[in-house]
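S.K.: Take a look and give me a structure for this.
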Amino acid sequence: MPSLPRSSAAPAMAHDPLSRRTLMYRLGAGLLLPVLSGCGGSDDAGAGAGDAGDLTLKSAGGGDLLSKASTGSFSHPGVAHSAADFTRMKTQVDNGVSPWTSGWSALTSSGRAQLGRAPEPLVTVIRGGEGENFRAIVEDVQRAYQFALCWKVSGDTRYADAAVAYLDAWSSTMTTLTGNSDRFLAAGLYGYQWAMAGEMMRGYAGWSSAGLAAMQQLLLAEFQSKCSDFLDNHNGSNITNYWANWDLIALCGQMAIGIFCDRRDIYNKALDYYLNGRGNGAADHSVYCIHPGYLGQWQELARDNGHATLSVGLSGLLCEMAWQQGDDLYSHRNNRLLAGAEYVAKAQLTDSNGVYYTLPFSRYVNRQGTFTQVSESGRPHLRAIWECIYNHYANRKGLSAPYARRMAERVRPERNEWGGDMPSFGTLTFSLPPASAAVAPSGLTAYVTDGEVLLSWWGSAVATSYLVQRSASANGSFTTLATLGSDDTRTWTDNPGAGQWYYRVCTVHGGQTLVGTDRARVHLAGELRLDMTLNQTSGTSAIDTSGGARHGSLMGNASWTPGHVAGHAVAFNGSTGHLALSKGVVEDLGDFTIALWVHWNTAVTNTRIFDFGSGDIAYMCLIPRDGNGVMSFRVTGTTYFGEQVISHTAPLSTGTWVHVAVTLKGRVGTLYVNGTAVGSNAEIDLAPFQLGSTHQNWLGRSQYPTDPYFNGKMQDLEIYSGALADSEMASLSTRILGGRPQHLLPCTQASVRAPQDIWNKRACKSRPW
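M.R.: I've put the predicted structure just below:
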């Protein structure tokens, strides 16, 4: 099925020159465990009810993400299934087309889809703690959904009347949803499923407007309010206490109820949280890091396979709800959900010898503990979730998703006889005609990692093979380095030697070669990405002279002051002054060097020399004196719990100019003071590119608002792609600003070849840094 046209997704916004979906593209088997008690992270710290106020949806960088985010009508039906979807299901079933027929058989044979049972509503639903009784709502909301779906496909109004009877019985009886912290799970899980059932029955002549309004009111008062409260407060707990599924359950409830109740503010809050939220269910955190070939390490797979498959399934449903409304969450950060889904799917599968695949795993630490491998608990878990994700990426978009495909085939047809967390029956509802046309590779990235070039890309669902090619220029002649089979992991490592290189990948299918439009550029042997002398005398702009135009801005009471030996420096007085660098300043770096001169006036604990991040969850920073009393570099994706640290044995000196630097080569991080290595860690897993396009990139300020601002001066900030060697660091630290050591020859075009010439860079601006 082709992508929904803009006009059918959101007719009220059809006049916009860019659709919301297009705009977001440019930004950037085992036992079924259906009800996972507690879902982890239980903490009964009290939290009051919250509500979703009006908001204008922002991207991580602070700009408007959607042109009409707070206005515009919804497309109905539109909670995961559209009118076109129901037409497709009915047509394919009527025509006896597989796999829709097997999906229909799974639905009609379900015990919950059998007519004749009366609803059993409760006044008070309790999940968790004394008097727990939530099984009643599980059974009835599942039946309401299945009856509604049977009606949509068959046209038999007996099913429609049964669905309405369940909806009305609960909306006229239930008044309270309560329990321990699990009440938040009930709010999201059963809230989004009631909204899905109600959305399908919207417009049915047999459902009164009063009945519709009553269900909307119940969902807003007892379900959505708790979803919103959880997203705001996390039950009064630390943000990393709750695993990803808790957030995703709340997000599905928030979004589905927002659509069903025509509340754009509620819907937008779910969108914004998924894109920019601090919790583990936000897209940036549910996938902890990306391994070669776009295998996205899923946060909950450190815990167990049951909850991992649950949170993947919920993510798919959330993205499909948004898709039906014209918003593409699927493609966020280069198809981050697909990367995570492929990782989780592969964890459930075995090779030709029946042995589980070994997946790459980066050490993961949160409030729950330290994890060093994929969990064996509940493996494999055959949760019926895969059709939604597989059909979007492979059949709607034409992308290769080999492990999700294998899981979809293994579980097909999806069914649900007892579970309560997911509606299931995705073989019927989400199946699309298979992709037939090949697509060119997309999403190509190239990072310098351990001195080599690491490539990853997204392939085509019908590719025969891929050609990996390299050239010395973007538009030059490309040489094929390798031919990879379509089932191979889509990654390649190259070591072409020093210089500037361009890469592209081609899809081969049926005698046709499709050249990817992406050209990934790298420079081996080091490249100066940011060159900020911080030598101005006036104004609030800090100029980048590298040619990349990544200029910075003086913020708060930062000012210019006499600097180190010559020129000027930026001064911070420890209150509000800091320097803001451009968004994404380190987003494409694997191996790196960050160096600058620092004069620290007054020693305080946990101030920052630099801190690059988008908040207090994922960041990398240099601290002149940490809580242990020493200088340290720290990088994390899970707040302070997961910090990977390079420590000095002493704090930074005060009252004098000191040259400080940090390098990363592969997994080896090194900390330098005045050109001498003073600390190292060979287990740094998070390179800057793993943090994404960070937008709070600061000198002199921390991501944590209670940490003190820096008091002192800084000068001559340099950021390199590539890790400079010890000898190069020693030479760099001896350079005098505005000049160079006397033993160095003047810069000429012939002599400028590699980063050992860095002290001459300002004398030779034509150098291709």
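
S.K.: End to end on stretch 530-544, go ahead and measure it.
M.R.: According to Cα to Cα, to the nearest Å, stretch 530-544 extends 6 Å from its N-terminal end residue to its C-terminal end residue.

S.K.: what's the answer for stretch 112-127, then?
M.R.: Start and end residues of stretch 112-127 are separated by 21 Å (Cα to Cα).

S.K.: buried sites along that stretch?
M.R.: 112-113, 119, 121-122, 125-127 (16 or more other Cβ atoms under 10 Å). Where C-beta positions appear, they are placed from N, C-alpha and C, glycine not excepted.

S.K.: in the protein, what spans have low per-residue confidence?
M.R.: In the predicted model of the chain, residues 1-71, 736-769 satisfy pLDDT under 70.

S.K.: repeat that for 90
M.R.: In the predicted model, the chain carries pLDDT under 90 at residues 1-72, 239-240, 416-419, 436, 475, 486-489, 510-511, 525-526, 564-567, 731-769.

S.K.: Bridge partners for Thr480, pull those for me.
M.R.: Going by DSSP bridges, Thr480 is paired in beta bridges with Gln469.

S.K.: so how far is Val508 from it?
M.R.: Shown here: Thr480 relative to Val508, a distance of 11 Å by Cβ to Cβ, to the nearest Å.

S.K.: any shared contact partners between the two?
M.R.: With contacts defined as Cβ atoms under 8 Å, 6 or more residues apart in numbering, the residues adjacent to both Thr480 and Val508 are Leu467.

S.K.: more neighbours, the two?
M.R.: Using other Cβ atoms under 10 Å, the more surrounded residue of Thr480 and Val508 is Val508, with 18 against 10.

S.K.: Now for the buried residues of stretch 112-127: which two are most distant?
M.R.: Distance extremes for the buried residues of stretch 112-127: the farthest pair is Ala113 and Ile126 at 27.0 Å, using Cβ to Cβ.

S.K.: what comes up buried for stretch 173-180?
M.R.: Applying a neighbour-count criterion of 16+ other Cβ under 10 Å, one finds 174, 177, 179-180 buried in stretch 173-180.

S.K.: As CSV, those with distance to Met200 and secondary structure would be great.
M.R.: CSV is the format used below for the buried residues of stretch 173-180 (distance: Cβ to Cβ, whole Å; DSSP: H, G, I helix; E, B strand; the rest coil):
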residue, distance to Met200, secondary structure
Met174, 20, coil
Leu177, 22, strand
Gly179, 28, coil
Asn180, 32, coil
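
S.K.: ok, back up a step: what would the buried residues of stretch 112-127 look like in CSV with distance to Ser225 and secondary structure?
M.R.: As requested, the buried residues of stretch 112-127 are arranged in CSV below (distance: Cβ to Cβ, whole Å; three-state DSSP):
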residue, distance to Ser225, secondary structure
Arg112, 28, helix
Ala113, 31, helix
Pro119, 23, coil
Pro121, 20, coil
Leu122, 18, coil
Val125, 14, strand
Ile126, 17, strand
Arg127, 15, coil
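
S.K.: Throw the residues you listed into a markdown table and include distance to Ala566, thanks.
M.R.: Converted to a markdown table, those look like this (distance: Cβ to Cβ, whole Å):
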| residue | distance to Ala566 |
| --- | --- |
| Arg112 | 79 |
| Ala113 | 81 |
| Pro119 | 82 |
| Pro121 | 80 |
| Leu122 | 78 |
| Val125 | 72 |
| Ile126 | 72 |
| Arg127 | 68 |
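
S.K.: Could you single out the nearest of the residues you listed to Phe371?
M.R.: Distance ranking of the buried residues of stretch 112-127 against Phe371, using Cβ to Cβ, places Arg127 first at 27.3 Å.

S.K.: Who are the contact partners of the closest one?
M.R.: By Cβ under 8 Å, 6+ apart, the contact set of Arg127 is 134, 177, 179, 182-183, 185-186.

S.K.: mind running it again at 6 Å?
M.R.: 134, 179, 182-183, 186 (Cβ atoms under 6 Å, 6 or more residues apart in numbering).

S.K.: Repeat that for Arg529.
M.R.: If you count contacts by Cβ under 6 Å, 6+ apart, Arg529 has them with 719, 721.

S.K.: Swap in 8 Å and give it another go.
M.R.: With contact set as Cβ under 8 Å, 6+ apart, Arg529 has these partners: 546, 548, 550, 585, 589, 719-721, 769.

S.K.: try Met714
M.R.: Contacts for Met714 (Cβ under 8 Å, 6+ apart) come out as 534, 569-570, 572, 579, 596-599, 609, 699-700.

S.K.: now swap in Ser553 and tell me
M.R.: In this structure, Ser553 makes contact with 540-542, 579-580, judged by Cβ under 8 Å, 6+ apart.

S.K.: okay, those in a markdown table with secondary structure next?
M.R.: Formatted as a markdown table, the entries for the contacts of Ser553 read as follows, by DSSP: H, G, I helix; E, B strand; the rest coil:
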| residue | secondary structure |
| --- | --- |
| Thr540 | coil |
| Ser541 | strand |
| Ala542 | strand |
| Leu579 | strand |
| Ala580 | strand |
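
S.K.: Show me which of those residues is closest to Asp518.
M.R.: Distances from these to Asp518 were compared by Cβ to Cβ; the smallest belongs to Ala580, at 30.0 Å.

S.K.: first to last residue in stretch 227-239, what's the distance?
M.R.: Counting by Cα to Cα, you get 15 Å between the two ends of stretch 227-239.

S.K.: got it, and stretch 691-699?
M.R.: In stretch 691-699, first residue to last residue: 17 Å (Cα to Cα).

S.K.: ditto for stretch 634-652
M.R.: Stretch 634-652 has an end-to-end distance of 15 Å (criterion: Cα to Cα).

S.K.: out of the contacts of Arg127, which is most surrounded?
M.R.: Most surrounded of these: other Cβ under 10 Å gives Ala186, at 26 neighbours.

S.K.: three-state assignment of it?
M.R.: helix.

S.K.: got it, and the one 10 residues further on?
M.R.: Three-state secondary structure (criterion: three-state DSSP) places Met196 in helix.

S.K.: What is the helix or strand harbouring Asn335 packed up against?
M.R.: When secondary structure is defined using DSSP states H and E, the element that contains Asn335 is helix 332-347. Under the contact criterion of 3 or more Cβ pairs under 8 Å, 6 or more residues apart in numbering; DSSP states H and E, helix 332-347 touches helix 283-286, strand 287-291, strand 295-298, helix 305-324, helix 386-390, helix 402-411, strand 442-449, strand 452-458.

S.K.: for the longest one, packing partners?
M.R.: What that stands for is helix 305-324. Helix 305-324 is packed against helix 244-260, helix 264-276, helix 283-286, strand 295-298, helix 332-347, helix 386-390, with contacts defined by 3+ Cβ pairs under 8 Å, 6+ apart.

S.K.: Mean neighbour count and distance to Arg490 for the ones you listed - can I get that in CSV?
M.R.: Compiled in CSV, the helices and strands packed on helix 305-324 are given as follows (neighbours: other Cβ atoms under 10 Å; distance: least, Cβ to Cβ, whole Å):
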stretch, mean neighbour count, distance to Arg490
helix 244-260, 30, 25
helix 264-276, 23, 25
helix 283-286, 24, 21
strand 295-298, 26, 10
helix 332-347, 25, 10
helix 386-390, 29, 17
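
S.K.: Save those as a markdown table, and put in distance to Ile646 too.
M.R.: Output for those, formatted as a markdown table (distance: least, Cβ to Cβ, whole Å):
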| stretch | distance to Ile646 |
| --- | --- |
| helix 244-260 | 29 |
| helix 264-276 | 29 |
| helix 283-286 | 23 |
| strand 295-298 | 22 |
| helix 332-347 | 27 |
| helix 386-390 | 38 |
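
S.K.: Going by distance to Met555, which of the contacts of Met714 wins?
M.R.: Closest approach to Met555 among the contacts of Met714 (Cβ to Cβ): Leu579, at 6.8 Å.
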